[in-house]
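Visitor: got a sequence here, can you build the structure:
(chains A and B)
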Amino acid sequence: MNIIEVRNVTKEYSNHIALDDVSISIPKGSIFGLLGPNGAGKTSLIRIINQITGPDKGEILFDGQPLNSSHISRIGYLPEERGLYKKMKVGEQLLYLAQLKGLSQKEAMEKLKTWFIKFDIKTWWDKSVSDLSKGMQQKVQFVSTVLHEPDLIILDEPFSGFDPINANLIRDEILELKQKGSTIIFSTHRMETVEELCDNIALIHKAKKVLDGPKKLIKEQFKTHTYFVEYKGHIDELDPIYGILEEKEMEDGYHRTNIHLGEGASPNALLLNLLSKVEIRAFGENIPSMSDIFMRSVNEVPEA
Amino acid sequence: MRNIFLVIRREYMVRVKKKSFLIMTLLAPLLFVGFYAAVIWVALGSVDAKTVQVLDESGLFRNEFKDSETLKFTYIDKSIDSAKAGFKNSGVNALVYIPANVIKEPKSVRIYAAKNVSLDLKSEIEKVIEKQIEDIKLSEAGITHKILEDSRVNVSSETISLNEEGEKTSSSGAATVIGGICAFLIYMSVFIYGTQVMRGITEEKTSRIVEVIISSVKPFHLMLGKIIGVALVGLTQFVLWILLTTALTSATSAIFSSKMPKDPTQMAQGMQKMGPGMATQGMPGSNVENPIAEVLGAVNSLNIPLIVGCFLFYYLGGYLLYSALFGAVGAAVDNDADTQQFMLPITLPIIFSFVFAQFVLRDPDGTLAFWTSIIPFTSPVIMMVRIPFGVPAWEIALSMVLLIIGFMGTTWLAARIYRVGILMYGKKVSYKELAKWIFYK
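Guide: Predicted coordinates:
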């Protein structure tokens, strides 16, 4: 079941195309990474899902229904450019934002209390936002994003501006929200976050979707069938179906070599082959990192 | 609808809770009442009698100088030199010397005083002397005192306006004052509250909260909520001003009424002393007998419910028309400093209407008055100038309908600019660009 179904969406601005026939499915309960270089069209897509703007062509389904204003209260959105009313008190502001999302004052009050205790920020209630540090404001804004317990949480670069301790805190909260059944869309450049948290990804480049699917499958797809081996000694002769790509000597005297497996070759056979020649310390498959996949996909698309 | 209400409530509460709102709300009536109290105080305070010695060598003016509340005359029979010598220690305020040949040489009259004599005193004395010399010369020419008395008539005209409701005493003076005040209040409030809407929108844009808000509220609703919220702040301020001013004024009157002289003419004299026109201003053609009663009578002759009703309508209409435009400017720019270039075309019609108001006050039924009170951009100010003078019902109706159409038009226009502008950053916007935004689908 998909919580969001983007179907053939096109969005044009007066002088450029922001989204060109993009279709993406976001499964319920997953953490979905929306990736792409700057200006690729991620923010345009997020704004369409938030109903801030509408698509020129195509449609969006939310939980199976065409997106409409009743879905607004089921979405929580943390924009990349953070902002709060500077002169307003933290408590009042959070109450206001929660009520705009459809909570009653009483519900909002109760939920806020638990969050204020959880984040240990009780003393902030009557403080002006302008008196808080940037990191503190980020925390407040995160609370405002998830307070109404939305089914879909859209986080645009959620970790920017947080120190490692607070970033961890937020990460744990995100995982907990997922546990509770929320779907989370990440828009980010930080590939380590994607590596760690995302189940599914989509990559947008130059207004087009170039890649999407479960992270595992994509990694499978981008495998290069190369294995690394760390050893002492020297590999001289190998069957031609094993191509030695590069070999370098490590600081402690061991060597590390990448070997490509040709058609029909198996890693077991390679290992057997090597065992007789050198002393092996480590052996494994080269799994492409998200960063590699990102770079390769973006560079493959010809310059428009 | 719930969200519009939430936005209205926030915009309203944030502004009403500000210290500056409280200060303005309290200060304005205090200033007004302070001014009012000062006027009364000065009027009462100036009643301390001055003594004037009269040395009349001609013998023509005995008993001609009449004592009043402010002046006491005493007559002396001395030589001018000894009178001058004795003047210093006598405690007398002034010495009037009328030589024997005053009829032939009226300019030989002298007033001596320790300090400079006030113009009032000087003209008072001159008036008495002139009149006496005139009388003497006239009777020498054979015109008797009786004929003179009969020939003095006092003309005091009353303006009566004739209309369907019949004959009614109207006071063009009161109408001028009320019309002027209403026009000024509308002019000021459109400016002040329109700018507040603009600032509020720019603030949301620069603090980047707007993206969060419009993920829950439609941009149009957010704009409308802000405009209505600020309008209510203005209404609150007006209502509080009216209530506080009324309360304070009656309190002040109560305090002063114990000191107030029984005879209202004395009050009038006191007021007259403060400067020509102070008491009579706004009441041309009236016989200054009882200025307070006069003002009250003139004000009562106006259709107060109509004026208050129209004032509220034109305040709201004018404000809605202009604040939408101010809002569009706020959305189009990135910060307050950039608003200037777009402000001019908006502020010009308001300023013009205030300038026109001066002419309309003099000619409330002229062609300029008619057209400027029909066109929505000037009508809020101009129509309020005209209404105290009486305006045909169909003109008011036409002007109101056009104003409603006008603000719906500007709101539509503003909404189109707004929804594009609030998400547009770091771009210097031109008029051409704005026009393009209006026609985006």
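Visitor: neighbours of A:G253, how many?
Guide: 7 (other Cβ atoms under 10 Å in any protein chain shown). Any C-beta I mention is one placed from the backbone N, CA and C, and that applies to glycine too.
Visitor: hmm, I typed the wrong one, I wanted A:K87.
Guide: Residues lying near A:K87 (other Cβ under 10 Å) number 13.
Visitor: and the residue in the stretch 251-400 of chain B that chain A sits nearest to, what does it touch?
Guide: Minimum separation of the stretch 251-400 of chain B from chain A (Cβ to the nearest Cβ) falls at B:D334, amounting to 12.7 Å. Neighbouring residues of B:D334 by Cβ atoms under 8 Å, 6 or more residues apart in numbering or on different chains: B:202, B:205-206, B:425-427.
Visitor: secondary structure class for it?
Guide: Following DSSP: H, G, I helix; E, B strand; the rest coil, the label given to B:D334 is coil.
Visitor: tell me, what's the model's pLDDT at residue 227?
Guide: Reading this off chain A. On the pLDDT scale, A:Y227 is placed at 89.
Visitor: wrong one, I was asking about chain B
Guide: B:I227 is assigned 94 on the pLDDT scale.
Visitor: element containing the nearest residue to it once chain neighbours are set aside, please.
Guide: Excluding the flanking residues, the one nearest B:I227 by Cβ to Cβ, 6 or more residues apart in numbering or on different chains is B:S323, at 5.1 Å. Counting by DSSP states H and E, the element that carries B:S323 is helix B:304-332.
Visitor: residues contacting A:K42?
Guide: A:34-36, A:156, A:187, A:204.
Visitor: how many residues are close by the closest residue to B:K50 other than its chain neighbours?
Guide: In space, and not counting its chain neighbours, B:K50 is closest to B:N93: 4.1 Å by Cβ to Cβ, 6+ apart. Using other Cβ under 10 Å, B:N93 is surrounded by 19 other residues.
Visitor: next one: the one 10 residues further on
Guide: The number of residues packed around B:I103, counting by other Cβ under 10 Å, is 13.
Visitor: what about it, distance to B:I125?
Guide: Per Cβ to Cβ, to the nearest Å, B:I103 is found 16 Å from B:I125.
Visitor: how does chain B divide up, domain by domain?
Guide: With domains defined by automatic domain parsing, chain B comprises B:2-30+B:171-254+B:261-438, B:50-148.
Visitor: any chance of those in TSV, with distance to A:G91 too?
Guide: Output for the domains of chain B, formatted as TSV (distance: least, Cβ to Cβ, whole Å):
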stretch	distance to A:G91
domain B:2-30+B:171-254+B:261-438	13
domain B:50-148	65
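Visitor: which of these sits most buried?
Guide: domain B:2-30+B:171-254+B:261-438 (a mean of 18; mean count of other Cβ atoms under 10 Å in any protein chain shown).
Visitor: start to end distance for that domain?
Guide: With Cα to Cα, to the nearest Å as the measure, domain B:2-30+B:171-254+B:261-438 spans 27 Å from end to end.
Visitor: residue in chain B nearest to chain A?
Guide: When scored by Cβ to the nearest Cβ, chain B has B:R208 as its residue closest to chain A, at 3.0 Å.
Visitor: ok, the residue of the stretch 1-150 of chain A found nearest chain B - contacts?
Guide: At 3.0 Å from chain B, A:G83 is the closest residue in the stretch 1-150 of chain A, using Cβ to the nearest Cβ. Counting by Cβ under 8 Å, 6+ apart, A:G83 touches A:141, B:207-212.
Visitor: the contacts of B:D334 in helices, which ones?
Guide: In helices, defined here by DSSP state H, the members of the contacts of B:D334 are B:202, B:205-206.
Visitor: I appreciate the help and will end here.
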